[in-house]
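Participant: With the input below, show me the fold.
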Amino acid sequence: MRRIWVCVAVLGCAAVARGDDWPQWMGPKRDNVWRETGLVDELPKEPKILWRAPVAGGYSGPAVAGGKVYVTDYVTSDNVKIDNFDRKEFTGVERIHCFDEKTGKKIWSEEHPEKYAISYPAGPRSTPLVHAGKVYAQGAEGVLACFDAASGQVLWHKSLKDTYNTKAALWGYASQPLIDGEKLIVIAGGEGSHCVALNKDTGEEIWRTGTAKEQGYSPPVIIEQGGGRQLVLCTPESIYAVDPETGKQLWLQEYEGSNGSIIMTPIHHGNHLYIGGWDKKSILIELGADKPTAKTLWRDKDEGAISAVNVQPFLMNGNVYGVDQGGELRCIDLPDGKIRWTTPQPLAARKVPSGTVFLVRSGDTDKFWMFAETGDLIIGQLTPEGFKELSRTHIINATNTAFGRDVVWCAPAFANKRMYVRNDKELICVDLAK
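Facilitator: Numbering: from 1, shown residues only. Okay, the predicted model is just below:
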């Protein structure tokens, strides 16, 4: 393989008492719910920062598991602040770091040289995935690697671009790999290999499926529907489902995306599947209750739905809450997609393009932990009647730019009564215990 991974540092790590982990994108159950209790009801004016650790550029969130915190970044001397939709070449080093969850001390790092040719080239997008003593990391140009979670030893790695004869999408490899039994399910791209299942221990291919002109960004999701399990996948041209054991297609519905952009994971509610893509390219699919069938009920609502960009919408009691590409927080009904309310809050007084506020529900309540692109953490209440801000504090500075404003577009992790979040300079740990 043309890429060589290099071990940078290995230190000892003491065991720590832990609460819930956050071992992957959107948390333990990939549902953006923080189930721990004993947390603050009101955010202090000055947040309690427990530790800071230096990192470089990236959009990937941290993962927290087994007393360790994992995050990826990109080191380059090139100016990576370029306009939206531009592709230029950048030379640098892509890295993954492992920190002690209690102290922030670095345990190990791994790195490899990487040339970027994507838009928004600050660094990797995908959150590390920690499972059964291993950590999986996917780079922005499609280098996928498996490490021993304790030592950082490289167990296997491959280039998705080289293996499947494809290239990175405009905004890079941004989907989130998924563990299913012995399989690591990955959006790869290429002829007949839009999605591939790899053996999670060896990296060897188990099956491949689908063809699309560009792989897109939507993470795979497995649902129970139609008498069995279905792996739902999105491309700029279609929404389709396959048998997760074999990759055999179960159904397909045509879809006309804009700029290849479905970024959200499909939302499954009853017998319906909702997807909202860039530029109002939304679709609602009705699924068969007893067998794997599908038909489109509506698409591309001009006044309604949510075109999700950076933020995964949240389903709660038949309503979907999310930030539309125009930068306003919305509540819509399913299955009709009608808007109940909209607001530019909690981000700003007026909506901003691709405005970003990450939403994490607090247990089974209607309260949410909201991390805004300004670096603010907000406790807010979401109901079908509206949004209410309860508390706010500034956590971390925005170090990147988008649409002429300063932003931090990195989803945080919540574990052990703490919040872990990064920008392009540091990873910090914030105490949120009551």
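Participant: Could you pull up the residues touching the most far-flung residue of the chain relative to its centre?
Facilitator: No residue in the chain sits farther from the centre than Asp290, which is 31.2 Å out by C-alpha atoms, centre = their mean. Counting by C-beta atoms under 8 Å, 6 or more residues apart in numbering, Asp290 touches 226-227. Backbone N, C-alpha and C define where each C-beta goes, glycine included.
Participant: cool, and Lys351?
Facilitator: The contact partners of Lys351, taken as C-beta under 8 Å, 6+ apart, are 326-328, 344.
Participant: could you say which helix or strand contains it?
Facilitator: Under DSSP states H and E, no helix or strand contains Lys351.
Participant: quick one: it from Gly67, how far?
Facilitator: According to C-beta to C-beta, to the nearest Å, Lys351 stands 41 Å off from Gly67.
Participant: Same check on Ile96?
Facilitator: 17 Å.
Participant: Of these two, which one has the most company?
Facilitator: Neighbours were tallied for Ile96 and for Gly67 using other C-beta atoms under 10 Å; the higher tally belongs to Ile96 (24 against 18).
Participant: In three-state terms, label that one for me.
Facilitator: At Ile96 the chain is in strand, as set by DSSP: H, G, I helix; E, B strand; the rest coil.
Participant: Also Val421?
Facilitator: strand.
Participant: Ok, Cys146 next?
Facilitator: Per three-state DSSP, Cys146 ends up strand.
Participant: Number of residues surrounding the residue lying closest to it once chain neighbours are set aside?
Facilitator: Distance criterion C-beta to C-beta, 6 or more residues apart in numbering; nearest residue to Cys146, sequence neighbours excluded, is Leu155 at 4.5 Å. By the criterion of other C-beta under 10 Å, Leu155 has 17 neighbours.
Participant: Just confirm Leu155 is within a helix.
Facilitator: No: under three-state DSSP, Leu155 falls outside any helix and is assigned strand.
Participant: Show me where this structure dips below the pLDDT cut-off.
Facilitator: 1-19, 82-84, 258-260 (pLDDT under 70).
Participant: Any buried residues in the helix or strand Ser109 falls within, and which?
Facilitator: Ser109 is part of strand 106-116 when elements are defined by DSSP H and E. Buried residues in strand 106-116, counted by 16 or more other C-beta atoms under 10 Å: 106-112, 114, 116.
Participant: Pull up the pairing partners for the helix or strand just after that strand, direction included.
Facilitator: Going down the chain from strand 106-116, the next helix or strand is strand 129-131, by DSSP H and E. In the sheet, strand 129-131 lines up against strand 134-138 (antiparallel) (DSSP bridges).
Participant: related to what we said a few turns ago, could you check the angle strand 134-138 makes with the strand holding Ser109?
Facilitator: 30 degrees (axes from the mean of the first three to the mean of the last three C-alpha atoms, to 10 degrees).
Participant: Direction included, what does strand 106-116 pair up with?
Facilitator: Strand 106-116 pairs in its sheet with strand 6-10 (antiparallel), strand 90-100 (antiparallel), by DSSP bridges.
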